[in-house]
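Student: Dropping a prediction and its sequence here:
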2 protein chains.
Amino acid sequence: MNKAVDTRSQIIERASELMMQRGFNGFSYRDISEPLGVKNAAIHYHFPSKTDLIHALIEENHEVLRRKTSAFMAYGGSAREQLEGLFCFTLEQCKNGRPVCVVGALAADYDELPEDIRRANERFTDDTGKWLTRVLEVGREQGEFDFRGDAAGKAIIIAASMQGGRQLYRVHGEKLLHRLFSQIRSELGIEQ
Amino acid sequence: MNKAVDTRSQIIERASELMMQRGFNGFSYRDISEPLGVKNAAIHYHFPSKTDLIHALIEENHEVLRRKTSAFMAYGGSAREQLEGLFCFTLEQCKNGRPVCVVGALAADYDELPEDIRRANERFTDDTGKWLTRVLEVGREQGEFDFRGDAAGKAIIIAASMQGGRQLYRVHGEKLLHRLFSQIRSELGIEQ
DNA sequence: GTCTATATCCGGATAGAC
DNA sequence: GTCTATCCGGATATAGAC
């Protein structure tokens, strides 16, 4: 692993953090280069334009999600644990200064974004929705969850509320997220 | 109503639209002044700084919400109608190029915002939560809704999912919002 | 692969004329 | 109350040296 690879991944890491903190228009190249101890030109070398950087960043986040969820999809496991993992992940991200998820961070600028970024974003949310639907289905089959109706519909309201919850976290803090998680558990028939 | 008042309110109107479209950092004074046929300086006359403008904009939106909801709070009415009004309002806003609500638009930049704007935002979301909780309570009392547990918790998940739904609207379009609305209705025991 | 230096543009904001 | 003119800082991006 040479220096270039290292710088490249550090840029993506820092850019992800900034995106989730401040959105697409909320950070500059200096916010990345300064803490990394490199110059703006170094970023342009790895990613010619800002949209190239964003594209790489979405793919990277997608890849992380894939790794985290593939084990469950392939071999089965506790649905309850998967759900709590989602809650935990969301809470940790918020606490670590990443209160806006990638999709949310891009939402504000969506129609200015190039087509390929929109596609990448679409695939990302699609995969998340499918994973959550599967968790709900498996959880019901295994008797961990108790709910009626369409698992896909349930997945939509949960996924949407997690995104909205991140926004409300900013305004009302951690307590609100815990109340949201409690409500979701309660609606899945999980005694707490 | 003289010219100044008119310009002032037009600025707020246009700024609201831009905020909900692109977020705090996503628009400039030119985006406001050009379509209004005035110069940037005119905006600075009415609102010395950008945060002054944002503050006025939140208050204005809050006022609109207050007017829309006060009748229900004071005299009672159909809770179902109120809920459908919320759905309709959200969908119309999305379709009219306002896919991000004020809270969401500010979320990305929240910790850069001055204290008074944060307060205004807090009051806004508080009032929304209280209104929705009341709608759910009244709806259950009147037999329009059927759900168990805490109405405030239900309000949180619904409010959060509406905000998140707006973000997902960008990625997956109107169909997703309709599925979200259906799911909420179904979880409130409303036959469709 | 990373640097320095620079180009180009656009942002919010202010001063002062009308 | 709105204009013109201007300031100043910061943004993305490029050219060419090392």
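Tutor: Great, that's in hand. Numbers count the residues shown, from 1 in each chain, chains lettered A, B, ... in the order given.

Student: drop to CA atoms for contacts and neighbour counts, all remaining ones
Tutor: Fine.

Student: Share the number of residues neighbouring the closest residue to chain B within chain A, please.
Tutor: Closest to chain B within chain A is residue A:161: 3.7 Å, counting by CA to the nearest CA. Counted with other CA atoms under 10 Å in any protein chain shown, residues neighbouring residue A:161 total 27.

Student: For the nearest residue in space to it that is not next to it in sequence, give its distance to residue B:170.
Tutor: In this structure, residue A:161 finds its nearest non-sequential neighbour in residue B:161, 3.7 Å apart by CA to CA, 6 or more residues apart in numbering or on different chains. Distance, residue B:161 to residue B:170, by CA to CA, to the nearest Å: 14 Å.

Student: Helix or strand: which one has residue A:55?
Tutor: For residue A:55, the enclosing helix or strand under DSSP states H and E is helix A:50-75.

Student: which secondary structure elements does that helix contact?
Tutor: Packed against helix A:50-75, as judged by 3 or more CA pairs under 8 Å, 6 or more residues apart in numbering or on different chains; DSSP states H and E, are the following elements: helix A:3-22, helix A:115-141.

Student: pull the helix or strand with minimum mean pLDDT from chain A.
Tutor: Ranked by mean pLDDT, DSSP states H and E, the weakest helix or strand in chain A is helix A:102-107, scoring a mean of 87.

Student: picking that back up, the helices and strands packed on helix A:50-75: which one's closest to DNA strand D?
Tutor: helix A:3-22 (10.4 Å; CA to the nearest atom of the strand).

Student: and for that closest one, what are the contacting residues?
Tutor: Residues external to helix A:3-22 that are found in contact with it (CA atoms under 8 Å, 6 or more residues apart in numbering or on different chains): A:26-27, A:32-33, A:36, A:43, A:46, A:53, A:56-57, A:97-102, A:105, B:108-109.

Student: filter the residues you listed down to the ones close to DNA strand C.
Tutor: With CA under 7 Å from any atom of the strand as the criterion, the contacts of helix A:3-22 include residue A:46 near DNA strand C.

Student: what sits against the residue of chain A closest to chain B?
Tutor: Here residue A:161 is in contact with B:157-165 (criterion: CA under 8 Å, 6+ apart).

Student: if you look at the residues you listed, which of them are in helices?
Tutor: Secondary structure assignment by DSSP state H places B:157-165 of the contacts of residue A:161 in helices.

Student: Would you mind giving the helices and strands packed on helix A:50-75 as JSON lines with mean pLDDT, distance to DNA strand D and mean neighbour count added?
Tutor: Formatted as JSON lines, the helices and strands packed on helix A:50-75 follow (pLDDT from 0 to 100; distance: least, CA to the nearest atom of the strand, whole Å; neighbours: other CA atoms under 10 Å in any protein chain shown):
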{"stretch": "helix A:3-22", "mean pLDDT": "90", "distance to DNA strand D": "10", "mean neighbour count": "18"}
{"stretch": "helix A:115-141", "mean pLDDT": "94", "distance to DNA strand D": "14", "mean neighbour count": "18"}
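
Student: possible to save those helices as TSV with distance to residue B:176?
Tutor: Shown next, in TSV, are the helices and strands packed on helix A:50-75 (distance: least, CA to CA, whole Å):
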stretch	distance to residue B:176
helix A:3-22	23
helix A:115-141	12
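
Student: Nearest to DNA strand C, out of those?
Tutor: Of all those, helix A:3-22 comes closest under CA to the nearest atom of the strand, at 4.1 Å.

Student: next helix or strand past that closest one?
Tutor: Next helix or strand after helix A:3-22 toward the C-terminus (DSSP H and E): helix A:29-36.

Student: Centre of the chain to that next one, how far?
Tutor: The chain centroid and the centroid of helix A:29-36 are separated by 23 Å, computed with CA atoms, centre = their mean, to the nearest Å.

Student: What of stretch A:11-24?
Tutor: For stretch A:11-24, the gap between its own C-alpha mean and the chain's C-alpha mean amounts to 12 Å (CA atoms, centre = their mean).

Student: same check, this time on stretch A:174-183
Tutor: For stretch A:174-183, the distance to the chain centre is 18 Å (CA atoms, centre = their mean).

Student: what's in contact with it?
Tutor: Contacts for stretch A:174-183 (CA under 8 Å, 6+ apart): A:87, A:91, A:165-166, A:168-169, A:192, B:153-154, B:156-157.

Student: Repeat the analysis, applying 7 Å as the threshold.
Tutor: For stretch A:174-183, contacts defined as CA atoms under 7 Å, 6 or more residues apart in numbering or on different chains pick out A:87, A:165, A:169, B:153-154, B:156-157.

Student: How about stretch A:113-123?
Tutor: Here stretch A:113-123 makes contact (CA under 7 Å, 6+ apart) with A:55, A:58-59, A:103, B:171.

Student: DNA strand D next: which of these are close?
Tutor: Answer for the contacts of stretch A:113-123 near DNA strand D: none qualify (CA under 7 Å from any atom of the strand).

Student: of those, closest to DNA strand D?
Tutor: Nearest to DNA strand D out of the contacts of stretch A:113-123 is residue A:55 (CA to the nearest atom of the strand; 12.3 Å).

Student: Number of residues surrounding that closest one?
Tutor: 18.

Student: Which residue, other than its chain neighbours, is closest to it?
Tutor: residue A:117 (5.6 Å).

Student: Quickly find the element holding residue A:89.
Tutor: Here residue A:89 is assigned to helix A:79-95, by DSSP H and E.

Student: so that helix versus helix A:115-141, what angle?
Tutor: Angle of helix A:79-95 versus helix A:115-141, following axes from the mean of the first three to the mean of the last three CA atoms, to 10 degrees, is 140 degrees.
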